[in-house]
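missing the sequence, but the structure's below:
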């Protein structure tokens, strides 16, 4: 093999290696911006239980019995055809319902760390009333009126 061919091979190798490294870096950046790692920045977020909500008129109804919502302090992700909500029990007769869509980039909030909801995409943290505790989100989550009767929470939308 001549010295010229060896030089070209090294050049091609280095060029290809740089392109591969650049592509891997871009892939990592893009997946980080839209990924779904289910951990908070501290790594302690746990997934919320998921309950089905029944859309009825201008409300979503959720049965509490046998779920995390049966106890004060419990929280769950409510999925319905009317939207996705975070529902928490604040007392024996009161619940707080908020939109489960992160105000940063629209990811569905699926985890909690203590009394904070945690977005799995970028780690934004919200309190049980939907107020931002830590960014990158800057806007609070929308809150909905919730009532409780006969073991069913009704979220007015």
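Sure, I can see it. Everything numeric in this text was worked out from a predicted model, so none of it was measured.

The residue nearest in space to the middle of the chain: what's it in contact with?
Nearest residue to the geometric centre of the chain (Cα atoms, centre = their mean): residue 109, 2.3 Å. Going by Cβ atoms under 8 Å, 6 or more residues apart in numbering, residue 109 touches 77, 86, 100, 101, 102, 117, 118, 119, 120, 126, 141. Heads up, the C-betas are built off the backbone N, CA and C, glycines and all.

Residue 143 is in contact with the second one, correct?
Read it as residue 86. No. Here residue 86 does not reach residue 143: they are 9.9 Å apart, not a contact under Cβ atoms under 8 Å.

mind checking the SS state of residue 69?
helix (DSSP: H, G, I helix; E, B strand; the rest coil).

circling back: of the contacts of residue 109, buried ones?
Among the contacts of residue 109, the ones that count as buried by 16 or more other Cβ atoms under 10 Å are 77, 86, 100, 101, 102, 117, 118, 119, 120, 126, 141.

Check which element follows the worst-scoring helix or strand of the chain on mean pLDDT along the chain.
Counting by mean pLDDT, DSSP states H and E, the weakest-scoring helix or strand in the chain turns out to be helix 3-34, with a mean of 43. Per DSSP states H and E, the first helix or strand lying C-terminal to helix 3-34 is strand 46-47.

Between which two of the buried ones among the contacts of residue 109 is the distance greatest?
Within those, 120 and 141 form the most distant pair, 14.7 Å apart (Cβ to Cβ).

just to revisit the earlier point, find residues that contact each of residue 86 and residue 143.
Common neighbours of residue 86 and residue 143, using Cβ under 8 Å, 6+ apart, are 97, 98, 99, 130.

isn't the last one right next to residue 137, touching?
No. Counting by Cβ under 8 Å, no contact exists between residue 130 and residue 137, whose distance comes to 10.3 Å.
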